[in-house]
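J.: Any chance you can model this:
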Amino acid sequence: KKEQPAAWRETAGRFIAQTTKTLQSSPGVIEWLRLERGIAPETAERFQLGFIDHNCFRQKSEWGLPPDGKKLFIPSGLVIPWQSSRLRIRRNDPGEYQGKPNPRYHVVAGSSMAPMAIGAPGERTAVMVESELDAILLAQEIKREVFIVALGSCAVKPDEALLNNLLSCPVVLVVLDTDEAGAKASQWWLEKVPSTYRTLTPTTFGKDITAAFLNGLDLNKWLSASMELYAESVGGKPESTPF
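T.: Residues are numbered from 1 along each chain as shown. From the prediction side, this is the model:
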């Protein structure tokens, strides 16, 4: 496993500080986070969400990356950092390249691909989602202490440390999107982590955590119902679905 350059983390730290300031002075973005993602301004500040209002190209040497004749590209959009080791940008307008649409999310070159993990594992229930913004919303709303993991992509697999953390949790709720990709990815977790349960948000509320929350789902009641359901199924009682 290649170690991330210290220069990358230092430069990322400065970039995060700068873009969080930009976000704090961008009322339109703060309002979008609140209305479209359910994320309050103080939560955005807690997780160092930022904003960059223009595409930029940086020298790779600044970031401790080997030169290859190209500059480091950072697109405009919402900056979603994780511990100065990863920068993911949610583009406002992904646009196209050579006739194909660019992905909505751009990971800055040199970023660690370790999933975001909020809270401590151990005797706590783990809740696994795909999107970092879903994870941040859960951390904002859920009152009980849980271990929240955001994979970043449903195709991401855990490293040894994360796998061991999840194995230490009594129940792991895999809350990937209610679509074919989410179902396929969930199957891998069901096979690898014995205490894992595929957990859905009610389809009447939306296909993911954020959509469900914005459509009125009480995330605390949903989590409690899911935990009770799977605690019962572990004890051999018949399964049903929450709500």
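J.: Please parse this protein into its domains.
T.: What automatic domain parsing lists as the domains of the chain is 6-107, 116-234.
J.: worst-scoring helix or strand of this protein, pLDDT-wise?
T.: One helix or strand of the chain scores below all others by mean pLDDT, DSSP states H and E: strand 96-97, with a mean of 73.
J.: Residues touching it, excluding its own?
T.: With contacts defined as C-beta atoms under 8 Å, 6 or more residues apart in numbering, strand 96-97 is touched by residue 102. Every residue, glycine included, has its C-beta placed from N, CA and C.
J.: Next, name the residue at the spatial heart of the protein.
T.: In the chain, the residue lying closest to the centroid (C-alpha atoms, centre = their mean) is residue 132, at 1.7 Å.
J.: Excluding covalently adjacent residues, which one is nearest to that residue?
T.: residue 150 (4.4 Å; C-beta to C-beta, 6 or more residues apart in numbering).
J.: what's the distance between the one you found and residue 86?
T.: As judged by C-beta to C-beta, to the nearest Å, residue 150 and residue 86 stand 11 Å apart.
J.: Where do the strands of this structure begin and end?
T.: With DSSP state E as the criterion, the chain has strands at 50-52, 56-58, 72-74, 77-82, 86-91, 96-97, 100-101, 105-107, 116-118, 126-129, 147-150, 172-174, 196-198.
J.: I'd like to know which elements the last one is packed against.
T.: It refers to strand 196-198. strand 172-174, helix 180-192, helix 219-234 (3 or more C-beta pairs under 8 Å, 6 or more residues apart in numbering; DSSP states H and E).
J.: could you redo the last one with a cut-off of 7 Å?
T.: Packing partners of strand 196-198 (3 or more C-beta pairs under 7 Å, 6 or more residues apart in numbering; DSSP states H and E): strand 172-174, helix 180-192.
J.: Counting by contacts, list what the shortest one packs against.
T.: I take that to be strand 172-174. When contacts are defined as 3+ C-beta pairs under 7 Å, 6+ apart, strand 172-174 packs onto strand 126-129, strand 196-198.
J.: try 10 Å
T.: Here strand 172-174 touches strand 126-129, strand 147-150, helix 160-167, helix 180-192, strand 196-198, helix 219-234, going by 3 or more C-beta pairs under 10 Å, 6 or more residues apart in numbering; DSSP states H and E.
J.: what pairs with that strand, and is each one parallel or antiparallel?
T.: strand 126-129 (parallel), strand 196-198 (parallel) (DSSP bridges).
J.: Using TSV, lay out these together with mean pLDDT.
T.: Below are the strands paired with strand 172-174 laid out as TSV (pLDDT from 0 to 100):
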stretch	mean pLDDT
strand 126-129	94
strand 196-198	90
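J.: Residue 177 is nearest to which of these?
T.: strand 126-129 (8.9 Å; C-beta to C-beta).
J.: list the buried ones in stretch 76-86?
T.: For stretch 76-86, the neighbour count (16 or more other C-beta atoms under 10 Å) marks 76, 77, 78, 79, 80, 81, 82, 84, 85, 86 as buried.
J.: what distance separates that stretch from the centre of its chain?
T.: Centre-to-centre, stretch 76-86 and its host chain are 11 Å apart (C-alpha atoms, centre = their mean, to the nearest Å).
J.: Quick check: end-to-end length of that stretch?
T.: 16 Å (C-alpha to C-alpha, to the nearest Å).
J.: what mean pLDDT does that stretch have?
T.: Taken as a whole, stretch 76-86 has a mean pLDDT of 95.
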